[in-house]
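J.: next come a sequence and a model predicted from it.
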Amino acid sequence: MALTGGIASGKSAVADLLAERGAIIIDADVLAREVVEPGTPGLDAIEARFGAGVLTPDGALDRAALGRIVFADPDARADLESITHPAIRERAEWLRAAAPPGSVVIDVIPLLVEAGLAGRFDTVVVVDTDEETQLARLRARNGLSREDALARLDAQASRERRLAAADLVVENTGDLDALRRRVAVLWGELTRA
Ligand SMILES: CC(C)(COP(=O)(O)OP(=O)(O)OC[C@H]1O[C@@H](n2cnc3c(N)ncnc32)[C@H](O)[C@@H]1O)[C@@H](O)C(=O)NCCC(=O)NCCS
Ligand SMILES: Nc1ncnc2c1ncn2[C@@H]1O[C@H](COP(=O)(O)OP(=O)(O)OP(=O)(O)O)[C@@H](O)[C@H]1O
């Protein structure tokens, strides 16, 4: 089963609530960080493509610097994805194979719809919120200007396209208590025999 949603829609918040109930979460954003840690072939490839300007003084990936480049340039973004996505996929497959039999395994994949992966999952859950709420949460969390936040939204599928791929929708326009109640309902649906 896959969980997706636009940037800052609340995927991590939903995944945390599902993990509390015992789900095993395989989060592509977490794997995306692991495959570019210092000493990985991924980070070497990024330096070769984007130059030393996307590294911090201690040799780690400067995520803000790389973000400024790739969210302003679709070709640069495609190059980055061609470095990270195969490594992310490989790690996800390994983790899926290692999950105990019978467990509820949830792949959190921000770019599920963009990458055309929806058909690979029996159930697609979409976390949904209106664009203004999404922008406000994104700006508050990442300290972005409205323009930079809009560039990140524009790098993703539209809300309509994502909703069209959904089997189940978790609406996240309210507060965290409301989200907790919705996730309780979702868990019932996911585990109904
Ligand atoms: C560009 C990077 C360095 C920016 O790092 P930053 O810490 O600011 O963001 P973070 O990694 O936490 O991602 C936050 C969100 O940005 C969005 N996002 C990330 N990469 C992309 C992308 N290539 N295209 C569209 N949206 C993206 C997703 O909604 C994601 O959940 C980073 O996002 C990255 O390495 N992206 C490429 C890997 C990738 O495609 N990750 C998405 C999961 S498959
Ligand atoms: N219902 C809510 N009420 C208030 N704040 C929320 C709610 N849901 C999420 N947030 C906040 O909004 C921000 C984005 O949420 P979260 O990190 O879960 O989104 P995400 O979809 O995982 O983001 P990304 O695509 O960037 O990985 C976070 O700062 C989170 O604490």
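T.: Here it is on my side, so go on. These numbers come from a predicted model, not from an experiment. Numbering: from 1, shown residues only. Ligands and ions are numbered 1, 2, ... in the order given.

J.: ok, now which ones touch the residue nearest the centre of the chain?
T.: The chain has residue 110 as the residue nearest its centroid, 3.1 Å off, counting by C-alpha atoms, centre = their mean. Contacts of residue 110 were listed using C-beta atoms under 8 Å, 6 or more residues apart in numbering, and they are 4-5, 7, 11, 28-29, 156. Every C-beta, even on glycine, is put in place using the N, C-alpha and C of the backbone.

J.: test my guess that residue 18 contacts residue 183.
T.: Yes - using C-beta atoms under 8 Å, residue 18 makes contact with residue 183 at a distance of 6.4 Å.

J.: which neighbours do these two share?
T.: Common neighbours of residue 18 and residue 183 (C-beta under 8 Å, 6+ apart) do not exist.

J.: residue 118 and residue 144, how far apart?
T.: Separation of residue 118 from residue 144 (C-beta to C-beta, to the nearest Å) stands at 28 Å.

J.: list the buried residues of the longest helix seen in the chain.
T.: The helix that spans the most residues within the chain, counting by DSSP state H, is helix 74-98. Using 16 or more other C-beta atoms under 10 Å as the test for burial, helix 74-98 gives 79-81, 83-84, 87-89, 91-92, 95.

J.: same question for stretch 114-131.
T.: 115, 117-118, 121, 124-129.

J.: what lies in contact with that stretch?
T.: 1-6, 9-11, 14, 85, 106-107, 109, 112, 137, 153, 156-157, 159, 162-163, 165-173, 186, 190.

J.: what ranges does the protein have for its helices?
T.: 11-20, 28-34, 41-50, 63-70, 74-98, 131-142, 146-154, 159-164, 176-191.

J.: any chance of those helices in CSV, with mean pLDDT and distance to residue 57 too?
T.: Shown next, in CSV, are those (pLDDT from 0 to 100; distance: least, C-beta to C-beta, whole Å):
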stretch, mean pLDDT, distance to residue 57
helix 11-20, 97, 29
helix 28-34, 97, 19
helix 41-50, 98, 14
helix 63-70, 96, 12
helix 74-98, 96, 21
helix 131-142, 96, 22
helix 146-154, 95, 23
helix 159-164, 97, 38
helix 176-191, 96, 37
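
J.: determine which of these approaches residue 56 most closely.
T.: helix 63-70 (8.5 Å; C-beta to C-beta).
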